[in-house]
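In: Predicted model follows, preceded by the sequence.
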Amino acid sequence: MQSARPIPPLPAPVRPDPVRDRWAAPMRLAIAEAALAPATGDVPVGALVLGPDGEVLGRGHNEREAVGDPTAHAEVVAIREAARTVGSAARGRADGNGARPDGWRLTGCTLVVTLEPCTMCAGAIVLSRIDRVVYGALDEKAGAAGSLFDVMRDRRLNHRPEVIPGVLADECGEQLRAFFDTHR
Ligand SMILES: [Zn+2]
């Protein structure tokens, strides 16, 4: 059984914080996406993939319980949807030989997620060629973006996205705490 996770506090926020403040609005969308998860008993984690111009290419919430899939984390669901969006646009541009330029690569995209990605999701992010990851609450027990591991910034990998932690971390952490208070 998983006990209520203590979500560790981040350093006091600096105001204004130009690096994080620009991601507050998309993080609020990710929080709204996360709020859909508890209806199926899923831990509220939400994610968005934004295109280079900020358009939403994919969104997802944790649906492990809903679909009975241990890999159905919010990030994976959002990445799959974004790849479908990008892939169908690429197919629209396909040449006569059926070539699909960048049919699955999410180059230039940003993933916004309410909780620090786990090792699986960090791996999926690297493989998808996403260029930036913005996350809310830290996950000291399983986080792979600086807490327990730092997969995405491992210099042995040839694709390393920029990582911006702690965007609306209090709101994101509170959403998780409220879930665990009522469900565990
Ligand atoms: Zn994950």
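Out: Yes, it's here. Residues are numbered from 1 along each chain as shown.

In: anything in stretch 31-40 near the ion?
Out: No: under the criterion of CB under 5 Å from the ion, the ion is not reached by stretch 31-40; the shortest gap measures 13.0 Å. Just so you know, the C-beta spots here come from the backbone N, C-alpha and C atoms, and that holds for glycine as well.

In: which other residues reach that stretch?
Out: Contacts to stretch 31-40, defined as CB atoms under 8 Å, 6 or more residues apart in numbering, come from residues 43-48, 59-63, 65-66, 74, 114, 136, 168, 171-172, 175, 179, 183.

In: at 7 Å what do you get?
Out: For stretch 31-40, contacts defined as CB atoms under 7 Å, 6 or more residues apart in numbering pick out 43-48, 59-63, 65-66, 114, 171-172, 175, 179.

In: Just the pLDDT at the residue nearest to Gly146 when sequence neighbours are not counted, thanks.
Out: In this structure, Gly146 finds its nearest non-sequential neighbour in Pro165, 6.1 Å apart by CB to CB, 6 or more residues apart in numbering. If you check Pro165, the pLDDT there is 97.

In: same check, this time on Gly87
Out: 86.

In: What is the neighbour count of Val167?
Out: Val167 sits with 26 neighbouring residues when counted by other CB atoms under 10 Å.

In: Pretty sure it sits against Arg22.
Out: No: between Val167 and Arg22 there is no contact under CB atoms under 7 Å: 9.1 Å.

In: Am I right that Arg129 is in contact with Leu106?
Out: Yes: taking CB under 7 Å as the definition, Arg129 is a contact partner of Leu106 at 5.6 Å.

In: More neighbours: which of these two?
Out: Higher neighbour count among Arg129 and Leu106: Leu106, with 27 against 15, using other CB under 10 Å.

In: Check the secondary structure at the more buried one for me.
Out: Assigned with DSSP: H, G, I helix; E, B strand; the rest coil, Leu106 falls in the coil class.

In: Tell me which residues touch it, please.
Out: Per CB under 7 Å, 6+ apart, neighbours of Leu106: 49, 79, 82-83, 86, 128-130.

In: Kindly report the same for Val133.
Out: With contact taken as CB under 7 Å, 6+ apart, Val133 is in contact with 111, 117, 125, 145, 152, 161, 163.

In: so it bridges to which residues?
Out: Counting by DSSP bridges, Val133 forms beta bridges with Leu111, Val163.
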